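Participant: what's the 3D shape of this:
(chains A and B)
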There are 2 protein chains.
Amino acid sequence: MARGAERPTGDAFAALPVAVDAMGGDRAPDEIVAGARRASEESGIGVLLVGLPGQMGDTAGLAELHCSEVIGMDDDPGQGVRRKKDSSLVRSAEAVRDGRALAMVSAGNTGATMASALLRMGRLPGVIRPAIATPVPNPGTGKPPTVLLDSGANAECNSQMLVQFAQMGAAFSKERYGVAEPTVALLSIGEEKSKGTPLEKETHALLADGAGGDGFTFIGNVEGRDFFTGIADVIVTDGFTGNVALKTMEGSMRFLIGALTLILGQPHVAAAAEVLVPELLPLAEALEPEGTGGAMLLGTDGVCVISHGSSSSTAIFNAITVAHDLAVAGLVEAVAASVTEVPVPD
Amino acid sequence: MARGAERPTGDAFAALPVAVDAMGGDRAPDEIVAGARRASEESGIGVLLVGLPGQMGDTAGLAELHCSEVIGMDDDPGQGVRRKKDSSLVRSAEAVRDGRALAMVSAGNTGATMASALLRMGRLPGVIRPAIATPVPNPGTGKPPTVLLDSGANAECNSQMLVQFAQMGAAFSKERYGVAEPTVALLSIGEEKSKGTPLEKETHALLADGAGGDGFTFIGNVEGRDFFTGIADVIVTDGFTGNVALKTMEGSMRFLIGALTLILGQPHVAAAAEVLVPELLPLAEALEPEGTGGAMLLGTDGVCVISHGSSSSTAIFNAITVAHDLAVAGLVEAVAASVTEVPVPD
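Facilitator: Predicted coordinates for the structure are as follows:
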């Protein structure tokens, strides 16, 4: 059977549920199932809970797809997917492949989520390698989040892959945030085109040369200090650098917010803290990955949202909503249409 | 003449001044010269101001070494050093080489500072490539800063270089912070030794195998989220990743501190802000790169401090003090003794 041959289209596709890995994440299954219930109750989005029978808690009558195994947070992703064919992750990806769900969401083992989606849904035609796109907020700028990719799927990349990441990221920025003409920047260690490793220099030359097509405007190199400024709608880099940058932001924020919490918690500043905490909350919320709906795998033949391991029910609710809306809006088709063959530099 | 052949030793060396590039930095010459004056007046450290005659402002009688050119912040580093042989940067490095200064400090063009030091002082025997070591503070942990290297000297690295960065970083941690047995970690995208690119996998294998010798303890991989936690005394990575990580921390901190400043500056929270600002200052100071004395180039035959382009007089004062103290303590000799030949994996 050809992949996706039996997938419904049009209204029948839009009526499909989102497959939710009920067993994945540090707070599974309770927070996952609670988020799924909210999506169903508040937004009327269909949910297919994928998990061990009788071990998903109070599912409130949501549809269930049963499996017999779970890939653990610490399992080797490749081995996990190969050996645990009846796991919640593999079954979730198969539900999308087989036209039983329009998207999948998991807060489980990131590598295994990626591997399940890649191996079961497959790559879109022409895509060299799928990439993880993570929204980085730009609070106070009035701009939508910047899409950072690859934020961890491919530790090693070539310049053709990075050009495709620009194409796919731009398509995502359009679909997700309604940016009509996305700007794309290349993460490097200086603004000049001569900065970086051969990968950045080659990618810069290709993008400046228009090798990415007319789906976006390339604005050159940016640096780590340009995050949170809204400098570009999309920032492309290899999955190693992207992952380090993303986790460095996470660590920096966690550190500063932790230090602030200690300071505000001191008894002798309690009155002042009471005044300021409500002022600080909107900022804290804007920075909270929970609100963004999580990272998305781009380039697979189906929508796959990779939620943070620590996801709460709110994070899962947002992830399901985003997965549903983007699948119905045709994200996969838009990504497929954005990708071209990229010339190999001499 | 052999390099450094005429350099004084012992007390004569300790009596040498620190060569300070008076023309380098966004706030040169005023803040640079003011910092140099403080070092001389408050700490009795000798200073040799290197700059354009009559254009260094109020030098208060500090010794001067005159040049006729300045390498600009935006000049190409390699070209700048090759073409502007009578520049303040090149002359500063020559002063160290020729035994007229015991160290150099510049807040100017980072690439050109590195190139001047490298080309004029030369590499230490056995060092494959010098690296920039940047202290990353660990506020609230009771631990000294973590030394991150390479933070930008070498965009491309091999595993032998990274093992030497571990050796040199450990030597620096001992000399600068008095850490008796430094721990070294490798920056990667997961704790497991299988994570990362071939560079990280090879480096992990070499370090785990003891290829770095017994000057430090290798504790394995760390991730971007481990900064500011004091997880290791030294974190090694290639200069591309290190630079992206460092600038991402800088951007994250700048963003959050900017957002906080806006919140605290609102008229209706003025009273609460007045209570909290003094509580926040120690944290802000701990995070301020000004206090750390700047980054240091390790592996050259002479001490070279690379200060932030925006350095104030305080930053320069600290940089001169650190440069002087480490030169006298024998940092160059310690780094030279730490470095070994590293086997190339099969």
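Participant: shaky segments in chain A?
Facilitator: Chain A contains residues with pLDDT under 70 at A:1-5, A:289-291.
Participant: For chain B, see how far away residue A:300 is.
Facilitator: Residue A:300 is 20 Å from chain B, where distance means CB to the nearest CB, to the nearest Å. C-betas here are computed from N, CA, C, even on glycine.
Participant: wait, residue A:119
Facilitator: In terms of CB to the nearest CB, residue A:119 sits 19 Å off from chain B.
Participant: try residue A:270
Facilitator: The gap separating residue A:270 from chain B is 10 Å, by CB to the nearest CB.
Participant: any idea what that residue is structurally, helix, strand or coil?
Facilitator: helix (DSSP: H, G, I helix; E, B strand; the rest coil).
Participant: Now do it: how many residues are near it, please.
Facilitator: Residues within reach of residue A:270, counting by other CB atoms under 10 Å in any protein chain shown, total 11.
Participant: ok, now residue A:23?
Facilitator: Number of residues near residue A:23 (other CB under 10 Å) recorded here: 26.
Participant: is it true that it touches residue A:52?
Facilitator: Yes. If you go by CB atoms under 8 Å, residue A:23 and residue A:52 touch, sitting 6.4 Å apart.
Participant: Now do the shared contacts for those two.
Facilitator: A:70, A:88 (CB atoms under 8 Å, 6 or more residues apart in numbering or on different chains).
Participant: Residue A:337: what's it in contact with?
Facilitator: By CB under 8 Å, 6+ apart, the contact set of residue A:337 is residue A:171.
Participant: Assumed it was part of a strand.
Facilitator: No. The assignment for residue A:337 (three-state DSSP) gives helix, which keeps it out of a strand.
Participant: distance of it from residue A:118?
Facilitator: 20 Å (CB to CB, to the nearest Å).
Participant: mind checking how far the residue positioned nearest the centre of chain A is from residue A:319?
Facilitator: The centroid of chain A falls nearest to residue A:295 when counting by CA atoms, centre = their mean (1.5 Å). Look at residue A:295 and residue A:319: by CB to CB, they are 9 Å apart.
Participant: intersection of neighbour lists for the two?
Facilitator: A:305, A:307.
Participant: helix/strand/coil for residue A:65?
Facilitator: strand.
Participant: what sits against it?
Facilitator: Residue A:65 neighbours (CB under 8 Å, 6+ apart): A:19, A:48-51, A:91-92, A:95, A:100.
Participant: same thing but at 10 Å, please
Facilitator: Residue A:65 makes contact with A:17, A:19-20, A:22, A:48-51, A:53, A:88, A:91-92, A:94-95, A:100-101 under the criterion CB atoms under 10 Å, 6 or more residues apart in numbering or on different chains.
Participant: and these, which are buried?
Facilitator: A:17, A:19-20, A:22, A:48-51, A:88, A:91-92, A:94-95, A:100-101 (16 or more other CB atoms under 10 Å in any protein chain shown).
Participant: restrict those residues to those near chain B?
Facilitator: Among those, proximity to chain B is found for none (CB under 10 Å from any CB of the partner chain).
Participant: In helices, which of those residues fall?
Facilitator: Of these, the ones assigned to helices by DSSP state H are A:88, A:91-92, A:94-95.
Participant: Can you identify each of the strands in the stretch 51-200 of chain A by residue range?
Facilitator: Taking DSSP state E, counting those that start in this stretch to define them, one finds strands in the stretch 51-200 of chain A at A:63-66, A:103-106, A:131-136, A:146-149, A:183-187.
Participant: Break chain A into its domains for me.
Facilitator: With domains defined by automatic domain parsing, chain A comprises A:1-125+A:299-329, A:128-293.
Participant: With that, I have no additional questions.
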